[in-house]
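> quick check, what structure comes out for this input:
(chains A and B)
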Amino acid sequence: MKGMKFLKVSVLSVFLASALGLAASAQAGVAEGKKAFETKKCAGCHQAQGPAKEKTIQDQLAKKGPELWYAGSKFQPGFLEGWLKDPKPIRPMEYYSLTKKNTGSHQKLSAQEAADVAAYLMSLKSADVKVAIQPRDNPKGRAIFIKKQSCYGCHEVKVRGNAAGGVTGPSLASAATRLQADWIYAYLSNPKVFKPVKDMPNYDGILTDAELKDLAAYVGSLN
Amino acid sequence: MIKTSKKGIVTAITLAGVLLLNVSGAMAATAEENYKFYCAQCHGLQGRGDGPNALPSMPVSPRDHTSAPEMNKLTDDDIMNAIADGGPATSKSSLMPPFGKTLSKSEIVALKDHLRKLCNCKGKGK
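Down below sits the predicted model:
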């Protein structure tokens, strides 16, 4: 009986602890995150207010990091918080560099700061991400990625557990845990809104809308 | 005597600005700028086919744009078709992507001229 009581108390404690944990992460504040984003000078590298302003190649090359003004529509919930606590390179090369390898020098945030900044960034949504795309491995998307357009020429993917592919684009090896398939489709079909000047070709008008959807679903499933 | 109204000048300037915009909405860049931004990822900053994506694991190597024997195998149209529609347009690998919806026609012509300077060659049939 005593053992039973102990078990009950233990279960209760675990339940309480996880409930408290949930409450703690739910307390992650958008306002606190915005403040931390400012004090840590994140805007020095990341644009947090839209719309896109780049008009020339020089405008794009002047940027030191990816735009985050649509982060809430781009990233998977939970990804940013985890990444900010333990940042690992997403691009094999430094942002838009052809000569410098990405050594992963992004600043690391404390657990609370990471939760707050992630909450703030996830509040930044884009009205241009409209169509719901279900991430799924599909033969048409896979054929476009591997054969028809050879996207792996610039984007790293996992082949039998090992990284393979080009290095100038962001890695897509763990795209499923990082990116929303809806955003991948929006980015492919309407690149001007998100990144008017980019070193990746525009595929809108080259691939059909149905092909872009299959491709977005496939990329969104890569893991 | 030709009278030039203020409105006319503004219209002309706006029109010139619109003409400078390429298909992606970006301002037109020089061929060299475009080459370093788009092409050098695979073909290298000097055009030797040694950009960061030119890895041994890739099924084909990017063309060396400084090689006259290689570049003389192509006509000017071959080059422009490959830039606009990708490698398969000239029976080559799809690792060469299509830039027809990224660069304007005049930018593609300028890039072709830039490649002819890099190889110092005139191309097939010339």
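> ok, now which ones touch whichever residue of chain A sits closest to chain B?
Nearest to chain B, among the residues of chain A, is residue A:166, at 3.8 Å (Cβ to the nearest Cβ). For every residue, glycine as well, the C-beta is placed using N, CA and C. Residues counted as contacts of residue A:166 (Cβ atoms under 8 Å, 6 or more residues apart in numbering or on different chains) are A:152-156, B:41-42, B:52-53, B:55, B:58.
> and if you look at residue A:87?
Contacts of residue A:87 by Cβ under 8 Å, 6+ apart are A:104, A:106-108.
> how near is it to residue A:64?
14 Å (Cβ to Cβ, to the nearest Å).
> about what we covered before: would you reformat the contacts of residue A:166 as CSV and include pLDDT, distance to residue B:116 and neighbour count?
Below are the contacts of residue A:166 laid out as CSV (pLDDT from 0 to 100; distance: Cβ to Cβ, whole Å; neighbours: other Cβ atoms under 10 Å in any protein chain shown):
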residue, pLDDT, distance to residue B:116, neighbour count
A:152, 98, 30, 20
A:153, 98, 24, 24
A:154, 98, 26, 22
A:155, 98, 31, 24
A:156, 98, 33, 21
B:41, 98, 21, 25
B:42, 98, 19, 25
B:52, 98, 25, 21
B:53, 98, 23, 25
B:55, 98, 27, 14
B:58, 97, 26, 18
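> okay, those residues in TSV with secondary structure next?
Formatted as TSV, those follow (DSSP: H, G, I helix; E, B strand; the rest coil):
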residue	secondary structure
A:152	helix
A:153	helix
A:154	coil
A:155	coil
A:156	coil
B:41	helix
B:42	helix
B:52	coil
B:53	coil
B:55	coil
B:58	coil
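> how about TSV for the residues you listed, with distance to residue A:95 added?
Below are these laid out as TSV (distance: Cβ to Cβ, whole Å):
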residue	distance to residue A:95
A:152	20
A:153	19
A:154	14
A:155	15
A:156	15
B:41	14
B:42	18
B:52	13
B:53	16
B:55	20
B:58	23
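> between these, which sits nearest residue A:83?
Proximity to residue A:83 was ranked across the contacts of residue A:166 by Cβ to Cβ; first place goes to residue A:156, at 16.6 Å.
> residue A:168 is in contact with the closest one, correct?
No. Using Cβ atoms under 8 Å, residue A:156 makes no contact with residue A:168, being 9.9 Å away.
> quick check: neighbours shared by these two?
Taking Cβ under 8 Å, 6+ apart as the criterion, residue A:156 and residue A:168 both touch residue A:92.
> identify the residues contacting the residue in chain B positioned nearest to chain A.
Closest residue of chain B to chain A, Cβ to the nearest Cβ: residue B:53 (3.8 Å). Neighbouring residues of residue B:53 by Cβ under 8 Å, 6+ apart: A:153-154, A:166-168, B:41-42, B:62.
> just residue B:123 next, same as before
B:71-72, B:74-76, B:78-79, B:116.
> contact residues of chain B facing chain A?
For chain B, the residues in contact with chain A (Cβ under 8 Å from any Cβ of the partner chain) are B:23-27, B:29, B:33-34, B:36-38, B:40-42, B:45, B:51-53, B:55, B:57-58, B:86, B:93-95, B:97-102.
> make a ChimeraX selection of the buried ones in those.
Of the residues of chain B next to chain A, the buried ones can be selected in ChimeraX as follows, counting by 16 or more other Cβ atoms under 10 Å in any protein chain shown:
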select /B:23,24,26,27,29,34,36,37,38,40,41,42,51,52,53,58,86,94,95,97,98,99,100,101,102
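> from the centroid of chain B, which residue is nearest?
residue B:111 (3.4 Å; Cα atoms, centre = their mean).
> tell me how far it lies from residue B:40.
In terms of Cβ to Cβ, residue B:111 sits 12 Å off from residue B:40.
> ditto for residue A:156
Applying Cβ to Cβ, the value for residue A:156 to residue B:40 is 19 Å.
> repeat that for residue A:169.
Between residue A:169 and residue B:40 the computed distance is 14 Å (Cβ to Cβ).
> give me the number of residues near residue A:99?
Using other Cβ atoms under 10 Å in any protein chain shown, residue A:99 has 9 other residues around it.
> residue contacts, it?
Residues near residue A:99 by Cβ under 8 Å, 6+ apart: B:45, B:52.
> secondary structure element holding it?
Under the criterion DSSP states H and E, no helix or strand holds residue A:99.
> and the nearest residue to residue A:104 once chain neighbours are set aside, what does it touch?
Using Cβ to Cβ, 6 or more residues apart in numbering or on different chains and skipping residues adjacent in sequence, the residue nearest residue A:104 is residue A:89, 4.6 Å away. By Cβ under 8 Å, 6+ apart, the residues touching residue A:89 are A:102-104, A:171.
> and what of residue A:169?
Counting by Cβ under 8 Å, 6+ apart, residue A:169 has contacts A:91, A:154-156, A:199-200.
> contacting chain B as well, which ones from the residues you listed?
Among the contacts of residue A:169, the residues lying close to chain B (Cβ under 8 Å from any Cβ) are A:154, A:199.
> take the residues of chain B next to chain A and keep only those in strands.
Judged by DSSP state E, the residues of chain B next to chain A include no members of strands.
> the residues of chain B next to chain A in helices, which ones?
Mapping those onto helices (DSSP state H) picks out B:33-34, B:40-42.
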